[in-house]
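# the following comprises the amino acid sequence and a computationally predicted model.
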Amino acid sequence: MTRALTDVLAGLNTVFAFLITLGGGFAGWAHLHERGASAGLVGAISGLMAGFALAAVVCGTLATLLLIENHLHNLLTAAERDRARKQ
């Protein structure tokens, strides 16, 4: 059950990163689009970059923790397999 929840969280992490990045682009566009088309484009691009940076920090941290959990699970599985072989 824990493995399934970890896999679901890993999948949701990807979705969250995508939504954070798009949200940053939309926020930048919404902030500057009234000043003209080029300002809206600049706002969208800078918002996408800021959203990507935020997603990298937040979702990257979560992805690192999930990776650590996966490695610990693999170590435990290998240790249990070796223990069973010795007996």
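All right, it came through fine. Numbers count the residues shown, from 1 in each chain.
# drop to CA atoms for contacts and neighbour counts, all remaining ones
Noted.
# now the helices for this structure?
Assigned by DSSP state H, the helices in the chain fall at 2-32, 37-86.
# quick one, the longest one and helix 2-32 angle?
Right, the one you point to is helix 37-86. Here helix 37-86 runs at an angle of 170 degrees relative to helix 2-32 (axes from the mean of the first three to the mean of the last three Cα atoms, to 10 degrees).
# tell me which other helices or strands helix 37-86 touches.
Under the contact definition 3 or more Cα pairs under 8 Å, 6 or more residues apart in numbering; DSSP states H and E, helix 37-86 sits against helix 2-32.
# the helix it packs on: how far from the chain's middle?
When distances are taken as Cα atoms, centre = their mean, to the nearest Å, helix 2-32 is centred 6 Å away from the chain's centroid.
# got it, and stretch 39-57?
Distance, stretch centre to chain centre, for stretch 39-57: 16 Å (Cα atoms, centre = their mean).
# now for the spatially closest residue to H33 that is not a sequence neighbour: which residues touch it?
Computed as Cα to Cα, 6 or more residues apart in numbering, the closest residue to H33 that is not its neighbour in sequence is G40, at 3.8 Å. Applying Cα atoms under 8 Å, 6 or more residues apart in numbering, we find G40 in contact with 28-34.
# and which of those residues is nearest R85?
Distance ranking of these against R85, using Cα to Cα, places G28 first at 58.8 Å.
# so that closest one makes contact with G51?
No. In this structure, G28 is not within contact of G51 by Cα atoms under 8 Å, at 9.3 Å.
# which parts of stretch 15-33 are buried?
Residues of stretch 15-33 classed as buried: 17, 20-29, 32-33 (neighbour count, 16 or more other Cα atoms under 10 Å).
# right, I'll leave it there.
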